[in-house]
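Participant: what would the 3D arrangement of this be:
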Amino acid sequence: MMMITLIILINRVAPEFLGLSVIGLILLKFGLMYLIRKKLNFEVIPGYKFHFIIPYFVLTALLTYYAIKLINHDKKQ
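Facilitator: Numbering: from 1, shown residues only. Here you go, the predicted model:
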């Protein structure tokens, strides 16, 4: 939810940098998820990699889809 809010704010402030900011937010999200995974010691949970990878890719795909919709909407106007 926070990432979508940031995309909306960036789209209002600087819509020409929306694509670049989406790439930066995806990298930030990956780094934060990696740090959280390291801090919480998920290695003791069996199949922990699937609990990390699947939600990351699903949420990244949804974020990218929403950003593409915003970029295409700006081009039509």
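Participant: give the residue farthest from the middle of this protein.
Facilitator: Val44 (26.5 Å; Cα atoms, centre = their mean).
Participant: what helix or strand is the residue most central in space within the chain located in?
Facilitator: The chain has Ile26 as the residue nearest its centroid, 4.0 Å off, counting by Cα atoms, centre = their mean. For Ile26, the element it lies in under DSSP states H and E is helix 18-40.
Participant: before we move on, the earlier item: in space, what's closest to the residue nearest to the centre of the chain - neighbours in sequence excluded?
Facilitator: Among residues not flanking Ile26 along the chain, Thr60 sits closest, at 5.7 Å (Cβ to Cβ, 6 or more residues apart in numbering). For the C-beta atoms, the positions are set from N, CA and C on the backbone; glycine is no exception.
Participant: what's the helix or strand for that neighbour?
Facilitator: Per DSSP H and E, Thr60 falls inside helix 48-76.
Participant: distance between that helix and the chain's centre?
Facilitator: Taking Cα atoms, centre = their mean, to the nearest Å, one finds helix 48-76 lying 6 Å from the centre of the chain it belongs to.
Participant: buried set for that helix?
Facilitator: Going by neighbour count (16 or more other Cβ atoms under 10 Å), the buried part of helix 48-76 is 60, 63, 67, 70.
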